[in-house]
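K.L.:
sequence first, predicted model second:
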Amino acid sequence: MRKHELVIGLAAALSIALFLSPFASSWPDGLEKVAKDLGFFEKGEGAEILKAPLPDYKFPGLDSEGVSTALSGAIGTFAMFGIGFGVARLLRRKGQ
Amino acid sequence: MHIPDGFLSTTTWVSAWTVSAGGLGCCVKQAGRAMKDRMVPLMGVLSAFIFAAQMINFPVMGGTSGHLLGGVLAAVLLGPWAGAVVIACVLIFQCLVFQDGGLTALGANILNMALVGTLGGYFIYRVMAKLLGGEKGIVTGAVVAAWFSVIAAASLCALELALSGTSPLGLVLPAMAAVHAIVGIGEGMITGLIVGFILKTRPDLIYRGQGSGYRVQGEEQEHRSAEGELDAKA
């Protein structure tokens, strides 16, 4: 992968997170839908063990839901690039 | 289909954690052997892309949505082991930072999507790509495998819910399989488009390793054998 390809790839991921994520469907996903239909959705309500910093991909303290989703998506995309790159380097070093 | 906390019984989630910890350990070991320098930036970009793409829920039918899982996409480009590691990293990150998928259910989510979805999907991809041959085989194999990987992950998820006593298998399995048979079409289309595009622009980025290929010493030799395989197929 060449440098400009890396930049293009990362820019594509970032554009998806920034510009598409606010327009993502808010309908329940497959599992949530089945859980609602079969009546076990409530089992998950308030059952969270952990308090995550950006729950439901929302950056706290922002009025606009779209901006809040886009911002958390952008942060997540950058962080995930770093994690993937870092893990790959660790794997590479370990495998040598 | 990120399972939240509360859906799985303690026995089920502890078992799933145990199995996926062992399975992921194996993947890390194998991925280390198969990892090459040129794959490192690709793994970074692919992790970022799959994370971003997973945020985009597309509407399917009857008020339901789905999003890309990306397991087969990752495996086609990075090989099955590193592909599974990428999906596991995305799932762990989503759970810890975005509360997407429960911490207790993380083991099950890794088992369903990172291990069974990705490794199982890669197996189907390899078999189909070999049977059909050529570029067409790679793209068709990736599309079909992507569809299957979603069904497999959804079915395993249903089994875990049934084992937990959350919902009877006779109800939850057909329901999960039916919804995800449609979500899987989206997975197949997105995977096929991206794999097709990469095949046209940078075919060398497609992972070509096979069992014995992992132990070949030296980048040069590996690269030449990869090119040879591409020629033989074309």
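P.N.:
Perfect, I can see it now. Numbers count the residues shown, from 1 in each chain, chains lettered A, B, ... in the order given.
K.L.:
shouldn't B:L106 be in contact with B:L91?
P.N.:
Yes: between B:L106 and B:L91 there is a contact at 6.7 Å, judged by Cβ atoms under 8 Å. (Glycine included, C-beta is placed from N, CA and C.)
K.L.:
neighbour count: the two, which is higher?
P.N.:
B:L106 (25 against 22; other Cβ atoms under 10 Å in any protein chain shown).
K.L.:
now the more buried one: closest residue in space that isn't a chain neighbour?
P.N.:
The shortest distance from B:L106 to any non-neighbouring residue, by Cβ to Cβ, 6 or more residues apart in numbering or on different chains, is to B:C95 (5.1 Å).
K.L.:
residue contacts, the one you found?
P.N.:
Listed by Cβ atoms under 8 Å, 6 or more residues apart in numbering or on different chains, the contact partners of B:C95 are A:50, A:52, B:2, B:101-103, B:106, B:109.
K.L.:
tell me which residues of the helix or strand where B:W81 lies come out buried.
P.N.:
Assigned by DSSP states H and E, B:W81 falls within helix B:80-98. Using 16 or more other Cβ atoms under 10 Å in any protein chain shown as the test for burial, helix B:80-98 gives B:80-95, B:97-98.
K.L.:
what of stretch B:174-182?
P.N.:
Those would be B:175-177, B:179-180, for stretch B:174-182 by 16+ other Cβ under 10 Å.
K.L.:
how about the strands of chain B, start to end?
P.N.:
B:58-59, B:65-66 (DSSP state E).
K.L.:
would you mind finding the most buried of these?
P.N.:
Across the strands of chain B, averaging neighbours per residue (mean count of other Cβ atoms under 10 Å in any protein chain shown) puts strand B:65-66 on top, at a mean of 24.
K.L.:
close to chain A, is that one?
P.N.:
Yes: counting by Cβ under 8 Å from any Cβ of the partner chain, chain A is contacted by strand B:65-66 at B:65-66.
K.L.:
just the pLDDT for the spatially closest residue to B:I124 that is not a sequence neighbour.
P.N.:
Leaving aside its chain neighbours, B:I124 sits nearest to B:A145 (4.1 Å; criterion: Cβ to Cβ, 6+ apart). pLDDT for B:A145: 98.
K.L.:
what sits against the most centrally placed residue in chain B?
P.N.:
Among the residues of chain B, the one closest to the centroid is B:G71, at 1.7 Å (Cα atoms, centre = their mean). Each residue near B:G71 by Cβ under 8 Å, 6+ apart is listed here: B:83-84, B:87, B:113-114, B:117-118, B:121, B:146, B:149, B:153.
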